[in-house]
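Novice: Fold the following and give me the result.
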Amino acid sequence: MPTPTPPHARLIGFICLGVTATGWAMNWPIIKILLRDWPPLFARGVAGTAAGIILAGIAIGYGEKLRVPRHAIPRLLFASFTNVFAWMGFATVALKMLSIGEGALLVYTMPIWATLFAWPILGHRPGLRDVIALVLGIAGIVVLMGEHGFALTQDKLLGIALTMGSATLFALGSVLMRSPLPVAPIALAAWQVGLGCFPMVILGLIFEKPDIAALTPTGWSALIYMTLGPMGICYLTWFATLRRLPPSTAAMGTLVVPILGVIGAAVVLGEPLGLREVTAMALTLGGVTLALRKSSAT
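Specialist: Sure, this is the predicted structure:
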């Protein structure tokens, strides 16, 4: 029988969860600000590569070993692709074509697709709750994208495809990588963030040809925040959360990320936040909540 978590530890866990969710949420409008100066792959790649180096230093400071067993390297590379390159890279490129409300909600449909992938891969047949979750998620997407009667531009369609690719690849990775990698948590985050983001820098230099000197003081502030906040401090507080709260509670807590991100975008960038956006959030996150409750029970 598991030892109950002391009340003060649970309180610290919820505080860490709040810091994590807020930091990740505010990253959405911050990315938009940085994209005014630098192209998406290069911008996200530089922030992530720097964060990976910082996390590696923190891991060493905590006494964690960075060595990865040879047999785990292919799984680490796969996780870096699905959890970082696709999840962060595709979504960041999509923000050139979508609003934050559209991008964040589409990306956070990931748990719904994970329940669907679990059927053919793990043999977990979808039940009534899964069907309802899928219907709610699709309904939220329909409401979100139906503003102009689905007269979507080519850029908008590409943005939708990229965010859905981000969500589904992350979902596929989460289903295929159910057994943990034999690497300490902070060291694992350092490897995944670094391996997932450094190729973005290379691809950005080749195809986006960024003007390195174009970064304004506001852009520098955004870059520093992305590096130290969502990819640095928030990873540490996330691991602190998981040590003190059940994974299902932590996962449910992340549902505030797209909500706070959309609100932050409305306040900071003046993006729309009306009945359509609120309805889409309620439907989509309702479906995600059902999917998370199912996954935590299996």
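Novice: Now do the helix or strand where T289 lies: everything it contacts.
Specialist: Counting by DSSP states H and E, the element that carries T289 is helix 275-297. The contact list for helix 275-297, computed with C-beta atoms under 8 Å, 6 or more residues apart in numbering, reads 101, 105, 108-112, 114-115, 118, 127, 129-130, 132-137, 139-141, 143-144, 147, 246-248, 251-252, 255, 258-259, 262. For the C-beta atoms, the positions are set from N, CA and C on the backbone; glycine is no exception.
Novice: how far out from the middle of the chain is it?
Specialist: Computed by C-alpha atoms, centre = their mean, to the nearest Å, the chain-centroid distance of helix 275-297 equals 16 Å.
Novice: could I have it exported to PDB, CA atoms only?
Specialist: Taking Å, rounded to 0.1, in the frame of the first residue of the first chain, the C-alpha atoms of helix 275-297 are listed here in PDB:
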ATOM      1  CA  LEU A 275     -18.000  33.200 -27.200                       C
ATOM      2  CA  ARG A 276     -16.600  31.100 -30.100                       C
ATOM      3  CA  GLU A 277     -13.200  30.700 -28.400                       C
ATOM      4  CA  VAL A 278     -14.700  29.900 -25.000                       C
ATOM      5  CA  THR A 279     -17.100  27.400 -26.400                       C
ATOM      6  CA  ALA A 280     -14.300  25.700 -28.400                       C
ATOM      7  CA  MET A 281     -12.200  25.500 -25.200                       C
ATOM      8  CA  ALA A 282     -15.000  24.000 -23.200                       C
ATOM      9  CA  LEU A 283     -15.700  21.300 -25.800                       C
ATOM     10  CA  THR A 284     -12.100  20.400 -26.600                       C
ATOM     11  CA  LEU A 285     -10.900  20.400 -23.000                       C
ATOM     12  CA  GLY A 286     -14.000  18.500 -21.900                       C
ATOM     13  CA  GLY A 287     -13.000  15.800 -24.400                       C
ATOM     14  CA  VAL A 288      -9.300  15.900 -23.200                       C
ATOM     15  CA  THR A 289     -10.400  15.600 -19.600                       C
ATOM     16  CA  LEU A 290     -12.400  12.400 -20.400                       C
ATOM     17  CA  ALA A 291      -9.400  11.000 -22.200                       C
ATOM     18  CA  LEU A 292      -7.000  11.800 -19.400                       C
ATOM     19  CA  ARG A 293      -9.400  10.200 -16.800                       C
ATOM     20  CA  LYS A 294      -9.500   7.100 -18.900                       C
ATOM     21  CA  SER A 295      -5.700   7.000 -19.300                       C
ATOM     22  CA  SER A 296      -5.100   7.500 -15.600                       C
ATOM     23  CA  ALA A 297      -7.400   4.500 -14.900                       C
END
